[in-house]
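Chemist: Fold the following and give me the result.
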Amino acid sequence: MEKSCSLLVHFDKGTPAIANEIREALEGNDVEAKIDAMKKAIMLLLNGETLPQLFITIVRYVLPSEDHTVQKLLLLYLEIIEKTDAKGRVLPEMILICQNLRNNLQHPNEYIRGVTLRFLCRLNETEIIEPLIPSVLQNLEHRHPYIRRNAILAMMSIYKLPQGEQILVDAPEMIEKLLSTEQDPSAKRNAFLMLFTCAQDRAVNYLLTNVDKVSEWGELLQMIVLDLIRKVCRTNRGEKGRYIKIIISLLNVPSTAVVYECAGTLVSLSYAPTAIRAAANTYCQLLLSQSDNNVKLIVLDRLNELKSSHREVMADMFMDILRALSSPNLDVRRKTLDIVLELVTNRNINEVVLTLKKEVVKTQNGELEKNGEYRQMLIQAIHSCAVKFPEVASTVVHLLMDFLGDSNVASATDVIVFVREIIETNPKLRVSIITRLLDTFYQIRASRVCACALWIIGEYCLSLSEVESGLATIKQCLGELPFYSLSEEEEGNDSSKKVQQVNSMTVSSKRPAILSDGTYATQSAASETAFSPPTLVHGSLASGNLRSLLLTGDYFLGAVVACTLTKLVLRLEEVQPSKVEVHKASAQALLIIVSMLQLGQSPVLPHPIDNDSYDRMVLCIRLLCNTGDEIKKIWLQSCRQSFVSMLTEKQLRETAEIKAKAQISHAQPDDLIDFYHLKSRKGMSQLELEDEVQDDLKRATGEFIKEGDDANKLNRILQLTGFSDPVYAEAYVTVHHYDIVLDVTVINRTKETLQNLCLELATMGDLKLVERPQNYTLAPESSKKIKANIKVSSTETGVIFGNIVYETSNVHERTVVVLNDIHIDIMDYISPAVCSDGAFRTMWAEFEWENKVAVNTVIQDEKEFLDHIMKSTNMKCLTAPSALDGECGFLAANLYAKSVFGEDALVNVSIEKQVDGKLSGYIRIRSKTQGIALSLGDKITLKQKGGI
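Modeler: This next block holds a predicted model:
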C-alpha cells in the first residue's frame, strides 16, 4: 500500500538513485549533497523501496547535523519508515531516535523544537512517545508562542491515541489552566480546539464562563466556538437559547469570515423571526461590502435558501438585496433579480418596479458591453411583475416601448411580447398602447419585433381613427410602390447572366478573368465576386423599416404585412360607414400585396419567395376580393380568442405550480406538541421565547421530519461481494451535490482474525477519491463500517471499482476479494427546471454537443412514452399540455433540466405512430459539455423500452 507523507517533495523520476550513492552522499560533509540524498531516500521509500541499510547511516551522519533543512527531511524520513515489525511491536533500533527527539525538544533553536513537536502529531507508536512526554509538557510553558501552539497540538494528538488518556491523565485540566493565561491567539485557538475534541464539557464551561469576552477573542478562536455551538446544539436542542445569544453577539465582530459563519449557524439552529432577520441582515451587508463576485454569488445562494423557508421575513429585505444590482457582473445581477421577483408582494411591488425602471434607464446611458443583455434581464423582470400585479403595468409599459428599436434584438423581442400580453390583460391601456406603438413603429429594426408589432396592430386597432392610423403607418413604412423599377429588373437579369458567364469562364480557365466592370481578377477572386449577393440601397432608413426588411428577402414579414392589412380592411368595413373609403383602402392593400408578390418573383432579390409566404399572400388577395361573415369571424375574432386561451392556460399552469410548492407536510396526529403559553418563562429572553414558539410550529407542521422514505434508502444499498465470499461487503451510497459518501459495511464471515484489511477503491470519470485507505483488523464474525468520500466535478456517469485486501495468520500472501462496480447515476445530479421558449431556442442553437437516440420501445401511446421519458430522465416538459392534446399520430415536445453544477440539459422528443401501431422517431439531446449529453443518451437508451 502507498505510504503516507505530510509533505510533497519534488523528485525527478528519470534518474533513479542507487542506495550506495545515497549512503556516500550522507557520509560526506557537504550539506547540499546530504539534502539531495535525503530527498532521494524519501522518494524511494514512498515509491515502495525499503532501504534498511540506510537507517544506521542516517543515525550516525544525519542526526548530528545542525542544518534546519536536513533536520526537517530527517523528520520526514522518520515519519515514513516502518517502525514496527510484523507483529506490531516497535523495532529495537527506534530507541536510537528517542534521544535525538528529546534533544530536539530541548534545543535552543525555536524552529527545531517546533518542527519536532509537529512531527510528534503524526506518530502513533506509544513506546516512542512515552519517554518524550516530560519534554512536551515543558514546551507548554516556553516563552515563544510558536512552540506553545505546536506543543498543544502534540498533546492533542497524543491524547487521542488509543492509550493516550493513560499517558496524559491530566491533559484537559492543564490545557484549561493554560487557556486562562494564554495570550497568543493561535495558541488559544489550539488549546480550545483540544478541549472541544477531547473534553467537550470543559470547553462548554469555559465558553459559558467567558460569554462576555467572546466578541473580543481572535478570529480563529471564534470559528472554533461556532463549531462547538453547532455540535452541542445538534445533540441537545433544548439548550440552544443561551448559545444563540453568543452567536448574535458575534455578528458585530470585524471579521467577515466569522460573521458569515455566524449567520449560517444562526439559520441552522433557530427558526425565530428575530434570528432569521439578523442572519439576513448580515448576508445583505456582506453582499454590499465584498467586492469578490464569487463571494457575492455564495451569499446570494444563502439568501435564496432563506427565501424558500422564511419568505415573510425576507420580503422586508428586498431593497437591501436589490442594491446588489450595482455589481457589473451579470451572474450576480441575474441571481439578485431571481430572488427579488419571488419576494414581490402587494406592499413592495411599486418600489421594486421603480428600482427596475431606474436600472433600465441607466442601461441607456452606460457604455458597458453587456448593457443589452442586462436590459433584457430587467425587461423580463418587469414583465413578470406586471403579469403578477397588473396594476403596475401602466407605469412601465410606455417606458419599455422606447426600447422597441433596441439594437439588441432579444431585448426588443421581450418588450414586444410584454406589450402583447399587457394589451390583452389590461383593456384600459389598449388605446394608449396602440397610439404609442403606431407613433414608434418606424423605429423598429428587427424582423421578429416588426412581425409581432404588426399582429398587435391588426388585432387591437378597433376604432375608425386607429384603423386608419394603422393603415397609414404601414404604408409609410413600406414607402412608395413599386419596390423596384423596370430598369433595375433588367439590370438584375443582365447581372445574373454576366455572373453565369464569369462563373463558366473562371471554372474553365485559369487565366485572369474579366469582371462585369471591366477589371481583371484571378480565378478565386472572380468566383467570390460572382457569388456574392447584389447590394441593395433601396432599404435606407429614410424610406421605411418594412421596406428595408422586405428588400433583404424577408418574405415571412411580407406575409405578416399582408395579413395585417387584410385584418385592418375587414375591420374598416365594420367601423367605416362610407363604402367608397373602404373600397379605396381595400384597393391600396391589394396593390401592396401584389407588389410584394412581384418583388418575390423578380430577379432583383437573391432568392425567390417561399411557397408558404406566397400561399398566405394569395389567400389575403382572395379574401379582400370576396369577404363574407364567416371569414370575418375567423380573421377578426378566432385569432384573438386563441391568444387569450394561450394566456389563460399559462396563468393556470403557473398557479398550479405555486399551489404545488405551497403544500406542506403534516405530522402524525398523535405527535407530542408543547404549548409554550403553559411553559415557565423564568430567565428566558424574547428571542428564546420566539425560538420555542417556532420550534413548536415546525414540529406541528412536520418540518422536523426528515424527507425520504425507507424504500428509497433500501434502493441505494448495493451488494459488493457474494454471499459465499469470506468477506461480505455492501455499500449505502449517499449523493449530496459535489460529494458522494460510501458507507461500506464489511463482515468477516470466517473463524479467523483478518489483519491489515483494506478497502481499496479506484474511480473512472470525473470522480476523485478524497481520503487514503486505512488498514483495519477484523475479529472473527465481526463487522466494520468504513466510510469513503468521493468528490464529483461534473455531470457524468462515473464508475467506482475496487477490492478488499486482507491477511490472515495462516496464509502469508495477501487475499484479494474483487468488488462489484458501483455506477453513479446521472439522475442524482439532474433536477427539473423551467426556462422560456426563447431561452430554450437560444441554447439549442448555441450548444455544440448533440446526442441523437433512435426511439425503440414497446410502448404504443405517444403521451405514455413521453411521460416515461420524463420520469426516467428527471426532466420537465416545457411544451404546454394543450399542445399535446388530441390524437394525431405524432408528438413533438421539449424537455429541460439543470444539473447541480449549473449545466443545462435540453431534450427534444419527436415521435410518430406507424401503421402497425409502433412508435418511431428520435430523441435529441443537446448540452454544452459532452459528458451530460452522452450520459443522458445512455440513460434514455437503457430506459426507453418501458417497464424497466
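Chemist: any chance you could map the helices in the stretch 101-250 of the chain?
Modeler: For the stretch 101-250 of the chain, the helices defined by DSSP state H, counting those that start in this stretch occupy 110-120, 126-129, 133-139, 145-159, 164-167, 171-181, 185-198, 200-209, 219-235, 240-250.
Chemist: now the first one against helix 145-159, angle please.
Modeler: Read it as helix 110-120. 20 degrees (axes from the mean of the first three to the mean of the last three CA atoms, to 10 degrees).
Chemist: And helix 110-120, what does it pack against?
Modeler: Identification of packing neighbours for helix 110-120 by 3 or more CB pairs under 8 Å, 6 or more residues apart in numbering; DSSP states H and E yields helix 68-80, helix 95-105, helix 133-139, helix 145-159. Bear in mind the C-beta positions are built from the backbone N, C-alpha and C, glycine included.
Chemist: Buried residues, the third one. List them.
Modeler: Neighbour-count burial for helix 133-139 flags 133, 135-137, 139 (criterion: 16 or more other CB atoms under 10 Å).
Chemist: do the longest one as well
Modeler: Within helix 145-159, the residues that count as buried by 16+ other CB under 10 Å are 145-159.
Chemist: closest to residue 768 among the residues you listed?
Modeler: Of all those, residue 157 has the smallest distance to residue 768: 27.2 Å, by CB to CB.
Chemist: ok, now which ones touch the residue lying closest to the closest one once chain neighbours are set aside?
Modeler: In space, and not counting its chain neighbours, residue 157 is closest to residue 121: 4.1 Å by CB to CB, 6 or more residues apart in numbering. If you count contacts by CB atoms under 8 Å, 6 or more residues apart in numbering, residue 121 has them with 153-154, 156-157.
Chemist: Would you format those residues as JSON lines with distance to residue 304 included?
Modeler: Shown next, in JSON lines, are those (distance: CB to CB, whole Å):
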{"residue": "153", "distance to residue 304": "39"}
{"residue": "154", "distance to residue 304": "44"}
{"residue": "156", "distance to residue 304": "38"}
{"residue": "157", "distance to residue 304": "40"}
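Chemist: Kindly present those residues as a markdown table, with separate columns for pLDDT and distance to residue 72.
Modeler: Formatted as a markdown table, the contacts of residue 121 follow (pLDDT from 0 to 100; distance: CB to CB, whole Å):
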| residue | pLDDT | distance to residue 72 |
| --- | --- | --- |
| 153 | 91 | 17 |
| 154 | 91 | 16 |
| 156 | 90 | 22 |
| 157 | 90 | 19 |
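Chemist: before we move on, back to that, and residue 792, which of the helices of the stretch 101-250 of the chain is closest to it?
Modeler: helix 219-235 (25.1 Å).
Chemist: What lies in contact with the closest one?
Modeler: Here helix 219-235 makes contact (CB under 8 Å, 6+ apart) with 185-186, 188-189, 192-193, 196, 200, 203-204, 207, 214, 217, 239-240, 243, 246-247, 250, 253, 255, 257-258, 261-262, 265, 268-269.
Chemist: what number of residues lie near residue 818?
Modeler: 12 (other CB atoms under 10 Å).
Chemist: Equivalent analysis for residue 848, please.
Modeler: When neighbours are counted by other CB under 10 Å, residue 848 registers 10.
Chemist: tell me the phi and psi of residue 855?
Modeler: For residue 855, the backbone dihedrals are phi -70, psi 130 (criterion: degrees, to the nearest 10).
Chemist: Might you report the residue contacts of it?
Modeler: Residue 855 neighbours (CB under 8 Å, 6+ apart): 865, 911, 919-923, 944.
Chemist: My reading is that residue 735 lies in a helix. Confirm?
Modeler: No. Residue 735 is assigned strand when assessed by DSSP: H, G, I helix; E, B strand; the rest coil, not a helix.
Chemist: tell me the contacts of it?
Modeler: Applying CB under 8 Å, 6+ apart, we find residue 735 in contact with 824, 828-829.
Chemist: With distance to residue 224, pLDDT and neighbour count as extra columns, can I get those in CSV?
Modeler: As requested, the contacts of residue 735 are exported to CSV (distance: CB to CB, whole Å; pLDDT from 0 to 100; neighbours: other CB atoms under 10 Å):
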residue, distance to residue 224, pLDDT, neighbour count
824, 35, 78, 22
828, 33, 74, 19
829, 34, 76, 25
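Chemist: related to what we said a few turns ago, nearest to residue 442, of the buried residues of helix 145-159?
Modeler: residue 149 (75.7 Å).
Chemist: Is it correct that that closest one is in contact with residue 192?
Modeler: No. Taking CB atoms under 8 Å as the definition, residue 149 is not a contact partner of residue 192, at 11.6 Å.
Chemist: separation between the residue most central in space within the chain and residue 338?
Modeler: Nearest to the geometric centre of the chain sits residue 902, at 2.7 Å (CA atoms, centre = their mean). Counting by CB to CB, to the nearest Å, the gap from residue 902 to residue 338 is 13 Å.
Chemist: what's the answer for residue 155, then?
Modeler: 50 Å.
Chemist: what's the helix or strand containing residue 831 in contact with?
Modeler: Assigned by DSSP states H and E, residue 831 belongs to strand 830-832. Contacts to strand 830-832, defined as CB under 8 Å, 6+ apart, come from residues 795, 873-876, 896-900, 905, 936.
Chemist: Show me which of these are buried.
Modeler: So, by 16+ other CB under 10 Å, the buried ones in the contacts of strand 830-832 are 795, 873-876, 896-899, 905, 936.
Chemist: I'd like to know which of these is nearest to residue 297.
Modeler: Nearest to residue 297 out of these is residue 898 (CB to CB; 15.7 Å).
Chemist: ok, that closest one - contacts?
Modeler: Taking CB under 8 Å, 6+ apart, we find residue 898 in contact with 830-831, 833, 904-905.
Chemist: Report the beta-bridge partner residues of it.
Modeler: Here residue 898 sits in beta bridges with residue 831, residue 904, going by DSSP bridges.
Chemist: Can you tell me how far it is from residue 935?
Modeler: Residue 898 is 15 Å from residue 935, by CB to CB.
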